[in-house]
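Chemist: Need a 3D model of the sequence below.
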Amino acid sequence: MSKLTLPVRLALLVTGTMLPLIVFAVGIVFYNYKQDRSDATRRVLENVRSMRLVLDSEVQRMTGGLQVLALTNSLRNDDFQNFRRIALGFLDQYGKGGLVLISDRKGRLLFSSATEGTASLPPRGHLEIVEKVFATRSPQYSDLFTGAINGRQVLTVEVPVFRDGEVIYDLCFSPPISIFQELVEKQRPDRLWTVTLLDTKGIVFARAPNPSETFGKRASPSLYAEMFRRSEASLPTVSLDGIALAAAYTRSRLTGWTIAAGVDESSLIAPLWRNIAITSLIGGILLLTGLTFAVRMATTIARGEMLHNLLIDELNHRVKNTLALMQAIAVQTFRSASRDERTKFEGRLGALAEAHNLLSQEKWAGSELREVIARALQPFLMNSPDRIRMAGPAVPLSPRLAVVLSMIVHEIATNAAKYGALSNETGRVTLDWEIIADAPKPRLRLIWTEIGGPPVTAPVQRGFGSRLIERSARDQLGGEATVDFLPRGVVCTVVCTLDEAR
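Modeler: Numbering: from 1, shown residues only. The predicted structure is shown next:
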């Protein structure tokens, strides 16, 4: 028995040493799983916030375009035939399925982009939102409802049309629902995620996965019950597909719509069991040669992988999130400002966003000057695309130059639309550029020339737009900008040194 005592004691000692170490290692793995789960929940909430900002940015772009349409002379003068051409140009940028309507205070349709005749047009659907537009004198955003023209489920963006300070019409845009579905698909991190857009009544109008099976349905009971209690929250829920999710939602203050997203619970639990199995195996093999070190390394690597994936996701959305955040801040900051101030700021921010959208498409490798200018001038080309003529060689721009030049061109065009050649029906603009190669680094010279506008008089003092142009050219481009108020029209010249486009 004495010969068996030592082996038994050694076996008991090894077992007594091994089991606590394995239990301790499993405890570490489970602790890290709880931490990773907490990180995943926080990541879901951060993602829905980012998606909300992107959605708000897209809706603001629609709203801004409609507000530009509302300012057209043809609409203010009840020239619906000429306005049809402008409206169809606006719809072209959104593809098939979009619809523009004009109704009066009683909901009578005076114009539809779907048909030239108005005698057979039915009354406007969703009269409540028409009344709200006239009452609030501000843009409104609808829930999902059945459209009176096409009989399909639609959402609308509606803005007032003013004449002499009074609201005379409701200008309604029904965007293709596919726009919101594409937004969801792009913002969805991977196939394990469920992303849903819901209106203020909790009805689904875009979703991934299974959009066609869930369109028009109410949110899952657990999400529906929670989303009307708070504007933002994280919660466990079960999707409309019957999948358990670690989910979060947030409500847009602009539209009242809700963005919800969740990641499959099984994707969070699977790494737990995998890590427990690995840790147990390593603990049995490396008990006497560094169990603690091996377990810690395994759990650290697992945690590092999740943090690495989180970092990659955050980097992929960084630029869009920043611009959308600026837009959200602007909505709050300018709530009590004048309409003119809001319009100016939103225009500048829109120009900056378009420049960043172009750079994002090119993966921040730079962009081409003509495309940058075309993006900046897009709102001013809706009424008459042939009023601005552009000519010049292909010029690759670095991201820095693309953003600054986009802002400068937007300011010049805005001034022209308010006071210069784009403020009447006869004015024209010529935009020429050339490369000057007489210096160590090539320079770009861009010349904006206006003709046919109202009589030109030099301003008594420079406005913010003029100072923005001059300071941007001097401080950010290392060049100069000059504005000449000639009798025939304004001439603005911008000269800057070109960076190497990357």
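Chemist: rest of the way, CA atoms for contacts and neighbours
Modeler: Noted.
Chemist: which residues of the stretch 101-250 of the chain fall in helices?
Modeler: Using DSSP state H, counting those that start in this stretch, the helices assigned to the stretch 101-250 of the chain run over residues 127-136, 177-187, 211-214, 221-227.
Chemist: ditto for the chain
Modeler: In the chain, the helices defined using DSSP state H lie at 2-70, 73-76, 80-92, 127-136, 177-187, 211-214, 221-227, 265-285, 291-333, 339-361, 369-377, 399-418, 464-471.
Chemist: same for the fourth one, what does it pack against?
Modeler: Under the contact criterion of 3 or more Cα pairs under 8 Å, 6 or more residues apart in numbering; DSSP states H and E, helix 127-136 touches strand 140-141, strand 157-163, strand 166-174.
Chemist: Can you list the low-confidence ranges for the stretch 151-300 of the chain?
Modeler: 268-281, 283-300 (pLDDT under 70).
Chemist: Including distance to R471 and mean neighbour count, could the helices and strands packed on helix 127-136 go into CSV?
Modeler: CSV is the format used below for the helices and strands packed on helix 127-136 (distance: least, Cα to Cα, whole Å; neighbours: other Cα atoms under 10 Å):
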stretch, distance to R471, mean neighbour count
strand 140-141, 37, 20
strand 157-163, 35, 22
strand 166-174, 38, 21
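Chemist: Of the ones you listed, which is nearest T493?
Modeler: Nearest to T493, of all those, is strand 157-163, at 35.4 Å by Cα to Cα.
Chemist: The closest one pairs with which strands, and in what direction?
Modeler: Note on strand 157-163: by DSSP bridges, its sheet partners are strand 140-141 (antiparallel), strand 166-174 (antiparallel).
Chemist: and the helices of the stretch 101-250 of the chain as JSON lines, adding mean neighbour count?
Modeler: Shown next, in JSON lines, are the helices of the stretch 101-250 of the chain (neighbours: other Cα atoms under 10 Å):
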{"stretch": "helix 127-136", "mean neighbour count": "17"}
{"stretch": "helix 177-187", "mean neighbour count": "17"}
{"stretch": "helix 211-214", "mean neighbour count": "14"}
{"stretch": "helix 221-227", "mean neighbour count": "16"}
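Chemist: Distance to F90 for these - can I get that in a markdown table?
Modeler: Putting the helices of the stretch 101-250 of the chain into a markdown table (distance: least, Cα to Cα, whole Å) gives the following:
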| stretch | distance to F90 |
| --- | --- |
| helix 127-136 | 21 |
| helix 177-187 | 15 |
| helix 211-214 | 27 |
| helix 221-227 | 35 |
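Chemist: and E434, which of these is closest to it?
Modeler: Between these, helix 177-187 lies closest to E434; by Cα to Cα that is 37.7 Å.
Chemist: between the strands paired with strand 157-163, which gets nearest to E131?
Modeler: Proximity to E131 (Cα to Cα) singles out strand 166-174 among the strands paired with strand 157-163, at 9.0 Å.
Chemist: relative orientation of the closest one and helix 80-92 in degrees?
Modeler: 40 degrees (axes from the mean of the first three to the mean of the last three Cα atoms, to 10 degrees).
Chemist: Pull the residues that contact strand 166-174.
Modeler: When contacts are defined by Cα atoms under 8 Å, 6 or more residues apart in numbering, strand 166-174 is touched by residues 66, 70, 98-105, 130, 133-134, 137, 154-162.
Chemist: Go ahead and name everything in contact with stretch 134-144.
Modeler: For stretch 134-144, contacts defined as Cα under 8 Å, 6+ apart pick out 63, 105, 129, 132-133, 153-160, 167, 170, 199-201, 203, 205, 216, 255.
Chemist: quick one: buried residues of stretch 228-242?
Modeler: Using 16 or more other Cα atoms under 10 Å as the burial criterion, the residues of stretch 228-242 that qualify are 232-240.
Chemist: which residues touch that stretch?
Modeler: So stretch 228-242 is in contact with 41, 45, 194, 214, 219-220, 222-223, 227, 244-251, going by Cα under 8 Å, 6+ apart.
Chemist: For those, which PyMOL command selects only the ones that are buried?
Modeler: In PyMOL, a selection of the buried entries from the contacts of stretch 228-242 looks like this (16+ other Cα under 10 Å):
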select buried, resi 41+45+194+214+219+220+223+227+244+245+246+247+248+249+250+251
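Chemist: Tell me, how many residues neighbour the nearest residue to I149 once chain neighbours are set aside?
Modeler: Closest residue in space to I149, ignoring its immediate chain neighbours: P122 at 7.1 Å, by Cα to Cα, 6 or more residues apart in numbering. A count of nearby residues for P122, using other Cα atoms under 10 Å, gives 12.
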